[in-house]
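S.K.: compute the structure for the input listed below.
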Amino acid sequence: MKANVAIVIALNALVTAASAAVVPVSPTGGAKVALLPEAQKKIMSFATCGERVAALKADSEKPHDERFYGKDRSSKWRTSLPLKLEWRTTDGESGPWKIMIGKTPDLAGATEIWLNSEAALKMSLTEKGSADEKVDGNTHVYSYAVPRANLEVGRTYYWKVWSNVACRRFPHGSTMYAKCPYCDGRCATASDVASFATEDQPPRWIKLEGGVGNVRDLGGWKTFDGRRVKQGMVFRGYGLNNGSVNGERPGPCRLTVEDASYMRDVLGIRTDLDLRTDLEAGGMTKSPLGDGVRLIQRASPAYAGLFVVGDKSGGFNKHLCPDGKKATAENFRVFCDKSNYPIYFHCAGGADRTGSLAYILMGVLGVSRHDAEVEWESTFYPKFAELDAVTDNWRSKRHFDEGLAKYGDADTPWIRRIELYLADCGVTQEEICRFRSIMLEP
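M.R.: Below is the predicted model:
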């Protein structure tokens, strides 16, 4: 398959090299593209939770410029790096530009990004600080940072650029089409197809424009048997709207119109699993994503609440969800029905109730204990050390350890403990197998 892809690219290059006036510069030739900032990769590389906590505590005592995240925390946590594309023109082309990014060399179903000349100059920055680097009379180098690429991890991508200058036969300037209706596309210049590969390092963060953050794909992680959790199937994050102020009326939506369209049409979300209480939901009857998305709202547990039945939970978890095991089983069955996918699940901030369910889902899929832990912790970096410092902090992963320690013994594999826990909740082995068949790559 890889050989065939190489042949297609090579043939494409031979046909267009002589006439191409727009040339991809970077990334090309299958170059590796990093998705995560170095701070995230560094903290996740520590083997144990204790080491990660110790590293973050030590880091917090350093001068800001020497910390993992430097002065700007927002650019290092709960986000991915932008995809920077660079291309060169050889015949004075200046746009408007059409950028295509896809998963196949023929760019079938590719994402299309349109930039007019002015937008390209204002929005694009090269490493040297200029959006338009003039090399000689007719040669320019352009660079554009795709603001919402949301690329999958460990995938090969292909891209090309079209320059569609104003056609002299069209009195109103550029047609902004790949093929001008007046000269059959002869006014448009397309680059060759270039390729790059994303680093194989989850999590895959999803950037939206509005007030919904902490969004990431639950896929991309490797399992103990060398398989991978499918990407684009399950997403977790903030609530899509604010909590109700009176328990009777839903809070205002956090999504922009573009965000809602992106989640429905690009991510393909079909089910909105809302883990908040009835009071928080305020009588919601439909998802903020629209009528075409199924809403399932169920008060759900967090941490110690995962392991309680009836009114035994006490305190916060009793108010949150009086029967954690029953709610867990009902939530798990949502993921056993293929017609529900892709699924977006959330609580209010996408941290505790969402993180607890994600921890169980990842564990039963066979993701390592280390990876399930750092996926959960990713919500709290770099404050994770402070959260864990309080001995009775209910957010601590200690509740996962203590609750699951009751299932099996010291020699029982982690995945088996989670299977036994789900069985205790009422989930059948057949349901677990169905979930795995949906969520694991062959």
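S.K.: could you use CA atoms for every contact and neighbour count after this?
M.R.: Will do.
S.K.: could you pull out the strands in the stretch 251-400 of the chain for me?
M.R.: Assigned strands in the stretch 251-400 of the chain, in chain order: 271-274, 294-297, 343-346 (criterion: DSSP state E, counting those that start in this stretch).
S.K.: shaky segments in the stretch 201-350 of the chain?
M.R.: Low-confidence segments of the stretch 201-350 of the chain (pLDDT under 70): 310-320.
S.K.: how near is residue 249 to residue 241?
M.R.: Using CA to CA, to the nearest Å, one obtains 11 Å as the distance from residue 249 to residue 241.
S.K.: those two - which one has more neighbours?
M.R.: residue 241 (19 against 15; other CA atoms under 10 Å).
S.K.: angles on the backbone of that one, please.
M.R.: Torsion angles at residue 241 (phi, psi; degrees, to the nearest 10) stand at phi -140, psi 160.
S.K.: can you pull the contacts of it?
M.R.: Going by CA atoms under 8 Å, 6 or more residues apart in numbering, residue 241 touches 250-255, 288.
S.K.: surely residue 228 touches residue 441?
M.R.: Yes - between residue 228 and residue 441 there is a contact at 5.5 Å, judged by CA atoms under 8 Å.
S.K.: so what's residue 222 closest to, chain neighbours aside?
M.R.: Leaving aside its chain neighbours, residue 222 sits nearest to residue 228 (4.4 Å; criterion: CA to CA, 6 or more residues apart in numbering).
S.K.: whoops, residue 217 was the one
M.R.: Sequence neighbours aside, residue 235 is the residue nearest to residue 217 in space, at 4.5 Å (criterion: CA to CA, 6+ apart).
S.K.: do residue 241 as well
M.R.: Leaving aside its sequence neighbours, residue 241 sits nearest to residue 253 (CA to CA, 6+ apart; 4.0 Å).
S.K.: residues touching the one you found, list them.
M.R.: Contact analysis of residue 253 by CA under 8 Å, 6+ apart lists 240-242, 288.
S.K.: name the member of these with the most neighbours.
M.R.: In terms of neighbours by other CA under 10 Å, those top out with residue 240 at 27 neighbours.
S.K.: how many other residues sit next to the residue nearest to it when sequence neighbours are not counted?
M.R.: Among residues not flanking residue 240 along the chain, residue 254 sits closest, at 5.5 Å (CA to CA, 6+ apart). Around residue 254 sit 19 other residues, with neighbours defined as other CA under 10 Å.
S.K.: ok, now residue 412?
M.R.: With other CA under 10 Å as criterion, residue 412 counts 11.
S.K.: which ones are touching it?
M.R.: Applying CA under 8 Å, 6+ apart to residue 412 gives no contacts.
S.K.: what's the longest strand along the chain packed up against?
M.R.: For the chain, the strand that runs over the most residues, judged by DSSP state E, is strand 156-164. Applying 3 or more CA pairs under 8 Å, 6 or more residues apart in numbering; DSSP states H and E, we find strand 156-164 packed against strand 22-26, strand 97-102, strand 188-190, strand 194-198.
S.K.: for residue 199, what are phi and psi?
M.R.: phi -60, psi 150.
S.K.: can I assume it is in contact with residue 151?
M.R.: No - contact criterion CA under 8 Å: residue 199 and residue 151 do not qualify, at 10.1 Å.
S.K.: hey, what's in contact with both of these two?
M.R.: In contact with both residue 199 and residue 151: residue 35, using CA under 8 Å, 6+ apart.
S.K.: tell me the mean pLDDT for stretch 155-174?
M.R.: In this model, stretch 155-174 has an average pLDDT of 69.
S.K.: swap that for stretch 92-109, please
M.R.: Across stretch 92-109, pLDDT averages out at 88.
S.K.: grab the nearest non-local neighbour of residue 86.
M.R.: Among residues not flanking residue 86 along the chain, residue 143 sits closest, at 4.2 Å (CA to CA, 6+ apart).
S.K.: gap between the one you found and residue 99?
M.R.: 11 Å.
S.K.: likewise residue 383?
M.R.: If you go by CA to CA, the gap between residue 383 and residue 99 works out to 38 Å.
S.K.: could you check which of the two is surrounded by more residues?
M.R.: Comparing residue 383 with residue 99 by other CA under 10 Å, the one with more neighbours is residue 99, at 20 against 15.
S.K.: quick check: the more buried one vs residue 114, distance?
M.R.: For residue 99, the distance to residue 114 (CA to CA) stands at 6 Å.
S.K.: what do you get for residue 271?
M.R.: For residue 271, the distance to residue 114 equals 30 Å [CA to CA].
S.K.: again with residue 42
M.R.: Between residue 42 and residue 114 the computed distance is 35 Å (CA to CA).
S.K.: between those two, who's got more neighbours?
M.R.: Neighbour tally, residue 42 and residue 114, criterion other CA under 10 Å: the higher count belongs to residue 114, 17 against 13.
S.K.: could I get the contacting residues of that one?
M.R.: Applying CA under 8 Å, 6+ apart to residue 114 gives the contacts 96-99.
S.K.: what do you get for residue 408?
M.R.: Residues near residue 408 by CA under 8 Å, 6+ apart: 416-417, 420.
S.K.: so how far is residue 153 from it?
M.R.: To residue 153, residue 408 is 34 Å away according to CA to CA.
S.K.: where does the residue nearest to residue 196 when sequence neighbours are not counted fall, phi/psi-wise?
M.R.: Excluding its sequence neighbours, the residue lying closest to residue 196 (CA to CA, 6+ apart) is residue 30, at 3.8 Å. Phi and psi for residue 30, reported as degrees, to the nearest 10, are phi 70, psi 20.
S.K.: so what pLDDT did residue 30 get?
M.R.: Predicted confidence (pLDDT) for residue 30: 97.
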